[in-house]
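S.K.: got a sequence here, can you model it:
(one chain, ligands or ions: 1)
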Amino acid sequence: MRIDVVTLFPDFIRDSAALGVVGRAQERGLLSVHGWNPRDYATDNYRRVDDRPFGGGPGMVMLAEPLSACLAAARAADPAPARVIYLSPQGERLTQAKVRELAARPRLILLCGRYEGLDERFIAREVDEELSIGDYVLSGGELAAAVVIDAVGRLQEGALNHADSAVQDSFEDGLLDCPHFTRSDLAGTEGVPPVLLSGDHAAIARWRRQQSLGRTWLRRPDLLARVTLGKADRALLEA
Ligand code: SAM
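M.R.: From the prediction side, this is the model:
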């Protein structure tokens, strides 16, 4: 998969995408992340990428022309069809289901706004969809783009060392994940649920499912209301 990011801070995108699972996915050739700076496509002497808004008021707006030229260059860098996404607080809220959908695409181009955002005519002409990472306002789209790159990158086949681990994560089956414990030199096995030390894999699986259901019920009842529970799950929830 290829992800191109149109941003005034391409170094931030390149540096963050070189770390951890996403960095490893790039090293393994499963993903490639590229930054494109609209300033490199500005045509005036000051390399301007923003201007005052029509109608007056505070803040600046990102100019359509450098963005269009930058996006065209990014598109032309690879023949695969690209979905163009503007990271925006006004977009559809990002969910794990959406991340799965994006992860299956061959190519994404992410647009990061700054200031008051992008000229609306550019959005209408070039953007396929707008995505928000939550109901709060960041000063730029780069952190939101890094969130999309991380969430999508870790789902590329071979990116995680254990293929199953993504499937067990929160939201994958509509529920929150169960709690996890590991060895501790100081506390030993104190506080660890005995079933996890039993070696009984069926009992461990039952306990994990029950914890997952219970946590979701306690912390995110809205999620539980959206999943259809089978007889076995209902029994675990009521136990
Ligand atoms: N004037 C815009 C509004 O109120 O809708 C906010 C502009 S914000 C200061 C600058 C840029 O940060 C946006 O163009 C967008 O790219 C990014 N941004 C801010 N909050 C975001 C969020 N919750 N999700 C995704 N991107 C966000």
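S.K.: name the helices or strands packed onto the lowest-mean-pLDDT helix or strand in the chain?
M.R.: Ranked by mean pLDDT, DSSP states H and E, the helix or strand of the chain with the weakest confidence is helix 231-238, at a mean of 91. Taking 3 or more C-beta pairs under 8 Å, 6 or more residues apart in numbering; DSSP states H and E as contact, the helices and strands that helix 231-238 lies on are helix 201-219. C-beta here means a position set from N, CA and C on the backbone, and glycine is covered the same way.
S.K.: may I have the least confident helix or strand of the chain exported as PDB, CA atoms only?
M.R.: The C-alpha trace of helix 231-238 is given here as PDB (Å, rounded to 0.1, in the frame of the first residue of the first chain):
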ATOM      1  CA  LYS A 231     -26.700 -17.500  23.600                       C
ATOM      2  CA  ALA A 232     -23.200 -18.300  24.900                       C
ATOM      3  CA  ASP A 233     -22.300 -14.600  25.200                       C
ATOM      4  CA  ARG A 234     -25.500 -13.700  26.900                       C
ATOM      5  CA  ALA A 235     -24.800 -16.500  29.500                       C
ATOM      6  CA  LEU A 236     -21.300 -15.100  30.100                       C
ATOM      7  CA  LEU A 237     -22.700 -11.600  30.600                       C
ATOM      8  CA  GLU A 238     -25.200 -12.800  33.100                       C
END
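S.K.: chain center to that helix: distance?
M.R.: Helix 231-238 has its average C-alpha position 32 Å from the chain's average C-alpha position, going by C-alpha atoms, centre = their mean, to the nearest Å.
S.K.: got the angle between that helix and helix 201-219?
M.R.: Computed by axes from the mean of the first three to the mean of the last three C-alpha atoms, to 10 degrees, the angle separating helix 231-238 from helix 201-219 equals 60 degrees.
S.K.: buried residues of helix 231-238, list them for me.
M.R.: Of the residues in helix 231-238, Asp233, Leu236 count as buried by neighbour count, 16 or more other C-beta atoms under 10 Å.
S.K.: who touches that helix?
M.R.: Helix 231-238 is contacted by residues Arg206, Arg209, Gln210, Leu213, Gly214, Trp217, Leu229 when judged by C-beta atoms under 8 Å, 6 or more residues apart in numbering.
S.K.: tell me the contacts of the closest residue in space to Gly113 that isn't next to it in sequence?
M.R.: Here the nearest residue to Gly113 in space, its sequence neighbours aside, is Gly141; by C-beta to C-beta, 6 or more residues apart in numbering that works out to 4.9 Å. Residues in contact with Gly141, defined by C-beta under 8 Å, 6+ apart, are Thr7, Tyr86, Leu87, Ser88, Leu110, Leu111, Cys112, Gly113, Arg114.
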